[in-house]
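S.K.: A structural model of the following input is requested.
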Amino acid sequence: MNILIHADRPALGRAAADQAAESLLATCRERGSANLVVATGASQFEVLAALSEMHTIPWEAITVFHLDEYVGLPDSHPASFRLYLRERFVERLPKRPAAFHEINGTADPREEVRRLAGLVPAGDFDVALIGIGENAHLAFNDPPADFDSQEPYLVVSLDEGCRRQQVGEGWFPTLADVPTQAISMSVRRILAARTLICSVPDQRKAEAVRASVEGPLTPDVPASILRQHRDCRLHLDRGSAALLRA
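M.R.: I've put the predicted structure just below:
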């Protein structure tokens, strides 16, 4: 794991976006196309804003995959992740991507999981932009996470810590308003990316970062599995890195 600590959120976002762009450009030069997994949430604001401004990337050759979405939430809801990605990323790109495979949260979740499984590439993803939750979740794989499933997407239950984070970030007014289920890319499919760029700003994530980097590798700390990845770049700011020993 390559850990980079930045002065603030804007610097973190720009550095993460620069690394993503470098990997996407290298893959397009080598193969003519690339695929990209994109996360959402407050941790990705600066990353996606910086990446969407990069005109040197041949976006028309990039296929974009959606990481997770709430079950039962329409795309008209302000907390909808597919709405977030359309407004904050896809519609801001200099050119339309080759495809944007969004998750339909209002479809039958079992049918949607099967549909998405038919869209993922046979091999690895090229680049995945991810974050770590306050409970150390990866995507919506809350603790204890399933480290073994080979299915590309799963229907998962959201724990209270995850749901409280959504309220704390302002996406929902109360805990009762937060859905209890989501469709999430599985841990194994996230790890099946050649490059993981993990952006984790803010002091409130410091304990999750410490547990993920320095604690035991366990499903109770889902992001601890990132230490097994061959090319994970963990971008922190001073707040999120505050509890690390080194």
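S.K.: ok, residues contacting the worst-scoring helix or strand of the chain on mean pLDDT?
M.R.: In the chain, the helix or strand scored least confidently by mean pLDDT, DSSP states H and E is helix 160-168, which has a mean of 94. Residues outside helix 160-168 that contact it (Cβ atoms under 8 Å, 6 or more residues apart in numbering) are 79, 133-135, 137, 140, 142, 172-175, 177-178, 180, 204. For every residue, glycine as well, the C-beta is placed using N, CA and C.
S.K.: what about I103, neighbour count?
M.R.: 26 (other Cβ atoms under 10 Å).
S.K.: any buried residues in the longest helix seen in the chain, and which?
M.R.: The longest helix of the chain (DSSP state H) is helix 9-31. Neighbour-count burial for helix 9-31 flags 9, 11-17, 19-21, 23-24, 27-28 (criterion: 16 or more other Cβ atoms under 10 Å).
S.K.: need the longest strand for the protein.
M.R.: When the chain is parsed with DSSP state E, its longest strand is strand 193-200.
S.K.: which positions in the next helix or strand after it come out as buried?
M.R.: For strand 193-200, the succeeding helix or strand toward the C-terminus, using DSSP states H and E, is helix 206-214. Buried positions in helix 206-214, judged by neighbour count with 16+ other Cβ under 10 Å: A206, E207, A208, V209, R210, A211, S212, V213.
S.K.: where along the protein do the helices fall?
M.R.: For the chain, the helices defined by DSSP H occupy 9-31, 45-52, 81-88, 109-117, 160-168, 187-191, 206-214.
S.K.: got a list of contacts for stretch 66-77?
M.R.: With Cβ under 8 Å, 6+ apart as the test, stretch 66-77 has contacts from 37-40, 79-83, 85, 100-106, 109, 128, 130, 139-140, 155, 179, 181-185, 190.
S.K.: for stretch 91-110, that is, sorry about that
M.R.: Residues outside stretch 91-110 that contact it (Cβ under 8 Å, 6+ apart) are 33, 49, 52-55, 58-66, 68-75, 80-82, 85-86, 90, 112, 115-116, 119, 153, 155, 181-183.
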